[in-house]
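Visitor: Structure here, sequence nowhere to be found:
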């Protein structure tokens, strides 16, 4: 619920925190949420109005049971 009465124009969270994943697991929906999700998008670099290319802003590791 937004206290302000209007939608926030930016991003508040870039992913699911471990505690939220635990709650989703308890609710039995974590698998479906993971299946519908994806990786963090690449960042586009710009010089004014000219695109310079994309940059991966995070190290991408293969998922493990303790770090999905």
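Guide: Sure thing, it's come through. What you see is a predicted model; the values in this text were computed from it and never measured. Numbers count the residues shown, from 1 in each chain.
Visitor: what about the protein, any weak spots by pLDDT?
Guide: Residue ranges of the chain with pLDDT under 70: 1-2, 10-14, 68.
Visitor: try 80
Guide: Within the chain, the stretches with pLDDT under 80 are 1-15, 38-40, 58-60, 67-68.
Visitor: Strands of that one, start to end?
Guide: 43-47, 50-55 (DSSP state E).
Visitor: Kindly reformat those strands as a markdown table containing mean neighbour count and distance to residue 18.
Guide: Just so you know, the C-beta spots here come from the backbone N, C-alpha and C atoms, and that holds for glycine as well. Formatted as a markdown table, the strands of the chain follow (neighbours: other C-beta atoms under 10 Å; distance: least, C-beta to C-beta, whole Å):
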| stretch | mean neighbour count | distance to residue 18 |
| --- | --- | --- |
| strand 43-47 | 10 | 24 |
| strand 50-55 | 9 | 26 |
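Visitor: now those in JSON lines, with distance to residue 4?
Guide: Formatted as JSON lines, the strands of the chain follow (distance: least, C-beta to C-beta, whole Å):
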{"stretch": "strand 43-47", "distance to residue 4": "27"}
{"stretch": "strand 50-55", "distance to residue 4": "32"}
